[in-house]
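> return atomic coordinates for the entry below.
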Amino acid sequence: MTPRLLPVLGQRGSRSRMTCQYRCGNACDHPEPNLSGNTHIQDVLAEAVARRSVLKAGGAGAATLVLGGLADRPAAAAPGTGAGRPGVPGGIGALDFSPVAPNTRDNVTVPAGFRHDVVVRWGDPVVKGAPAFDVHAQTAENQALQFGYNCDYVDVLPLPGGRALLVVNHEYTDEQLMFPAGEYDDATVVQIAMQAHGISVVEIERGRTDGSWRQVPVARTRHNRRLTVTSEFELTGPAAGADRLRTSGDPTGRRVLGTLNNCAGGATPWGTTMHGEENFQGYFDRSGSVDSRYAESYARYGISSSGRGWSEVDPRFDLSQEPHEPFRHGWIVELDPYDPGSTPKKRTMLGRMKHEGANSGLTADGRAVIYMGDDERGDYVYKFVSRDRVDQGPGPRARAHNLTLLDHGTLYVAKFAGDGLDDGVYDGPGTWIPLTIDTESFVQGMSVVDVLVDTRLAADRVGATRMDRPEDIERNPVTGKVYCALTNNSQRGSTYPVDEANPLATSMTRSSLSAPLRPSSGNRNGYVLELTETGNDGAAESFGWNLFLVCGDPEAPETYFGGFDKDQVSPISCPDNVAFDGVGNLWISTDGNALGSNDGLFAVPTQGPERGKVTQFLTVPIGAETCGPLIVEDKTVFVAVQHPGETDGATFENPTSTWPHTDDFARPGVVAAYRG
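You can find the predicted model right below:
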C-alpha cells in the first residue's frame, strides 16, 4: 500500500502547499478562529508605512556584553553590564563576515571563511541499541531510538570536559518525502511517523576545529534520550487533574502520552528546556458525533475533526471516543535534559494555545519571566511571571525549588496601542493584561482552569490585541528589550485593516530572484516588533513598542531597517525564530521567503550606529526552513534545517532536494557553522 497522503489544498504566503498542509493543516485556508471582534494591531492607527523608508537615523548606545564560555552562557543576563565593545575579535558577534547573497542552491551556504558540519540527521542513532538507518526497512521501534524528523528548536547545554547536550524538537512529518511508495502499509506509516515526532537529547563534543561540534558515539554517552508520541509526560499546575484533562486511559488527568508538533522553545535560568506544542489541532479525527459541549473550544483552536489518520491506530486521536484528548496538548513542556530518567512536565500555568515557543528572562527581583507567542493569524502575545524567585545557588535543594517555578505565578496577554502621532514613526504604548494567577482568575465568568485550558477564549474576553502570526519572542540578554517576530499575514489590508503596529496592506514580492518586484496583497514579508518594558523590568505591566524591522526587499518603499541605510542591508522575508549572541545582536531565521530566494539566517545589531543593518549569514537548501537558531560561545552558529525539499509535487521518488547529500532523498538535520 502507498502512504496515506494528506489533501494538499490552498497556499498562503510563499510556503509550498505541501508545507501548509503537513505542518498546520492549511490553517490559513480556514476562517480565522478568533471571532472576538477585538482590535487588530492593524486597527491601532491606519497609517501608511512607505514614508518610514526615508528615515535614516540610527539608534544610540553600543552593545556591551561579551559572551563567555559555554558553561557561563546566561539564560537571562541582566542588561547593560558589558564592557562597551562590539564583539570578541574574530568572534561571530563582531558580524565581520561578508553577507551571503540570496540564492536557490540545494545546500547550506555560509560566508567566505566559514565552514559547516551536519551534526545529526533524521534517522541517526540516538539511544543505545538503535540500528543503522534504512529507509527501506524502517520500523516504529527503530525510529523511537533514532533522531526524529523535521527538527526545529535547538539548544546546547554544557557538560564537563568539553561536551554538551544538544536538545532538538521534531515538529511534524511529511509522509510523501519520508516513505518509498508501496513499501509500507498505512498503519506502519502512521506508527513510524508518530515515533518521528517529539524531542531528541543528543550528547555532542567539540571537534578538531575551534567552533566545530560532532555527535558523541551512542555507546559512549548516558545522556541521550528520545521522547515521542508514546512517551509519558506529566501535567502539572492548576489545570492538572481537571475534568477536561481526564480520559479513559488516564482517569487522573495528570498523565499524558506524547507531545505534538513541537516548534520553538528556550532554556530556563535553571538549566531546563521549554518546548512549545503548536499545531496540535491537526492530529484528531472522528468516527462519529462530537461532544457538543466543546464546540466553542474546538472551533477557537481550529479542531475540525480532519486529522492525519492517527486514530486508525490509536483511539486517543478519535474525538468521538476521547473528546478530552485535545485538551491535553497545546502546552509548554519543561524537560530536564540532565536527568534522562525524569518525566517531562506539561506546565498548565503557562496556558494552552498554539505555542510557537517560550523564552525566559529574570525580573528585577529575580523571578522568572516567560515570553510566548500564539502562532496564528489574529492571535496574541503572552508572558508569565513566576510567583517565587529563582534560587541561583548550587545543589539539589535549589534545583528542586526551581523545578516548581512554572506552576505558580501570573499569566498575562498583551494589548497594544498607537501613540496617535503623525510622525512617520510606528510606535506606541502597551499593557500586559493579567488573565489569572494560580489561585484566582481575573476573567469574568471563567475559573482558573477555564482560563488555562481555553486561554484564547480568556484573552478574547479581556480585549487583547490580535496580531500577524506572533511567533518567536525573546528578551535581549544585553539590553533587556524584547523582540517578537510577526511572520506575515497575506490578508492584511482586506480581512485585516492596517494600523500603526501592522501597517502593510501591500508588500513587494518576487516570484524568483530574477523577477521584478511586484505588489502583492497583504503583509507577506513580516515585521519584527521591539518592546521596552517599563523600568526595563520583566515584571512590569506596561511597555512601549516600535517596529524595529518592516521586512522585505530594501528596494521596496515599505521596508524599514531600524533607521539604517537601506542600500547596505540584505533582503529579509518572513521572520520566524529569533536568538541573540553575547553582545546583543539579534539573529533571525526565516520561514517562507517571499523574495524568490531560499530561506536563511540573518544578523542585525540592535544598538549603536549599525542598528538595523541586516546581514545574511547563511541560506538553507531548496524547500527548507531555517530553524533554531543558536549562537554558542561566539564561535558556533547552530541551525536546524527543517523540511528540505518540501516543494509542491515532490515525492520520495522525485525529490527536489537531497540535502545533506548522503542519500538520494532529503534528511532534515542540525548544522553547526564556524570559522575554518
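> what's the burial count for the closest residue to Gly600 other than its chain neighbours?
For Gly600, ignoring the flanking residues on the chain, the nearest one in space by C-beta to C-beta, 6 or more residues apart in numbering is Thr619 at 4.2 Å. Placement of C-beta: from N, CA and C, glycine included. Per other C-beta atoms under 10 Å, the neighbour tally for Thr619 reads 25.
> and for the one 3 residues further on?
Residues near Ile622, counting by other C-beta under 10 Å, number 21.
> Ser297 should be in a strand, yeah?
No - using DSSP: H, G, I helix; E, B strand; the rest coil, the assignment for Ser297 is helix, not a strand.
> which ones are touching it?
Listed by C-beta atoms under 8 Å, 6 or more residues apart in numbering, the contact set of Ser297 reads 303, 327, 453-454, 457.
> from Phe665, how far out is the residue nearest to Gly600?
As judged by C-beta to C-beta, to the nearest Å, Thr619 and Phe665 stand 21 Å apart.
> what's the local residue count around the closest residue to Leu319 other than its chain neighbours?
Spatial nearest neighbour of Leu319, chain neighbours left out: Arg286 (4.3 Å); criterion: C-beta to C-beta, 6+ apart. Using other C-beta under 10 Å, Arg286 is surrounded by 18 other residues.
> surely the residue nearest to Gly600 is in contact with Ser597?
Yes - using C-beta atoms under 8 Å, Thr619 is in contact with Ser597, at 6.8 Å.
> what sits in contact with each of the two?
The contact sets of Thr619 and Ser597 overlap at 102-103 (C-beta under 8 Å, 6+ apart).
> below-threshold pLDDT in the stretch 151-300 of the chain: ranges please.
Along the stretch 151-300 of the chain, no part satisfies pLDDT under 70.
> hey, where'd the strands end up in it?
In the stretch 151-300 of the chain, the segments counted as strands under DSSP state E, counting those that start in this stretch are 151-159, 163-170, 198-206, 213-215, 225-227, 232-236, 255-257, 262-267, 273-277.
> if you count contacts, what does the first one end up packed against?
Right, the one you point to is strand 151-159. Other elements packing on strand 151-159 under the criterion 3 or more C-beta pairs under 8 Å, 6 or more residues apart in numbering; DSSP states H and E are strand 163-170, strand 198-206, strand 262-267, strand 273-277, strand 625-632, strand 636-642, strand 669-675.
> using PDB, write out every CA atom in that strand.
Taking C-alpha atoms only, strand 151-159 is exported to PDB below (Å, rounded to 0.1, in the frame of the first residue of the first chain):
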ATOM      1  CA  CYS A 151      13.900  19.500  13.600                       C
ATOM      2  CA  ASP A 152      13.000  22.900  14.900                       C
ATOM      3  CA  TYR A 153      14.100  24.300  18.300                       C
ATOM      4  CA  VAL A 154      17.800  23.800  19.100                       C
ATOM      5  CA  ASP A 155      19.600  24.400  22.400                       C
ATOM      6  CA  VAL A 156      23.000  23.400  23.700                       C
ATOM      7  CA  LEU A 157      23.500  22.800  27.500                       C
ATOM      8  CA  PRO A 158      27.000  22.500  28.900                       C
ATOM      9  CA  LEU A 159      28.600  19.300  30.300                       C
END
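> who does that strand pair up with?
Strand 151-159 has the following strand partners under DSSP bridges: strand 163-170 (antiparallel).
> quick one, the partner strand and strand 636-642 angle?
30 degrees (axes from the mean of the first three to the mean of the last three C-alpha atoms, to 10 degrees).
> where does this structure dip in pLDDT?
Short version for the chain, where the test is pLDDT under 70: 1-15, 17-18, 20-31, 40-89, 422-424, 488-506, 519-523.
> in the top strand by length along it, what's buried?
Across the chain, the strand with the greatest residue count (assigned by DSSP state E) is strand 427-437. Neighbour-count burial for strand 427-437, counted by 16 or more other C-beta atoms under 10 Å, picks out 427-428, 430-437.
> same question, stretch 160-180
Here stretch 160-180 shows 163-179 as buried, counting by 16+ other C-beta under 10 Å.
> circling back: same for the very next helix or strand once past the longest strand of the chain, what does it pack against?
The helix or strand immediately downstream of strand 427-437 is helix 448-453, counting by DSSP states H and E. In terms of contacts (3+ C-beta pairs under 8 Å, 6+ apart), helix 448-453 is packed against strand 427-437, helix 455-461.
> cutoff 10 Å now
Contact partners of helix 448-453 among helices and strands, from 3 or more C-beta pairs under 10 Å, 6 or more residues apart in numbering; DSSP states H and E: strand 409-416, strand 427-437, helix 455-461.
> hmm, who's touching that helix?
Contact partners of helix 448-453, identified using C-beta atoms under 10 Å, 6 or more residues apart in numbering, comprise 237-245, 297, 327-328, 330-331, 347-352, 411, 435-443, 446-447, 457-459, 461-462.
> got a quick ChimeraX command for the buried subset of these?
Only the buried entries of the contacts of helix 448-453 go into this ChimeraX selection, using 16+ other C-beta under 10 Å:
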select :237,238,239,240,241,242,244,245,297,327,328,330,331,347,348,349,350,351,352,411,435,436,437,438,441,442,443,446,457,458,459,461,462
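> returning to what we had before: and the residue nearest to Leu319, what does it touch?
Here Arg286 is in contact with 303-307, 311, 317-321, 323 (C-beta under 10 Å, 6+ apart).
> which helices and strands sit right next to the top helix by length along the chain?
Secondary structure assigned by DSSP state H gives helix 186-196 as the longest helix of the chain. Contact here means 3+ C-beta pairs under 10 Å, 6+ apart; on that basis helix 186-196 packs against helix 140-143, helix 175-178.
> what's the angle from that helix to strand 163-170?
140 degrees.
> could I get the buried residue list for helix 186-196?
Those would be 188-196, for helix 186-196 by 16+ other C-beta under 10 Å.
> in those residues, find the pair that's most separated.
Farthest-apart pair in these is Thr188 and Ala196; separation 12.4 Å (C-beta to C-beta).
> give me the common contacts of those two.
138, 140.
> for Ala579, what are its contacts?
Ala579 touches 154-155, 264, 266, 359, 472, 474, 483, 585-589, 601, 603, 628-631, 637-639, counting by C-beta under 10 Å, 6+ apart.
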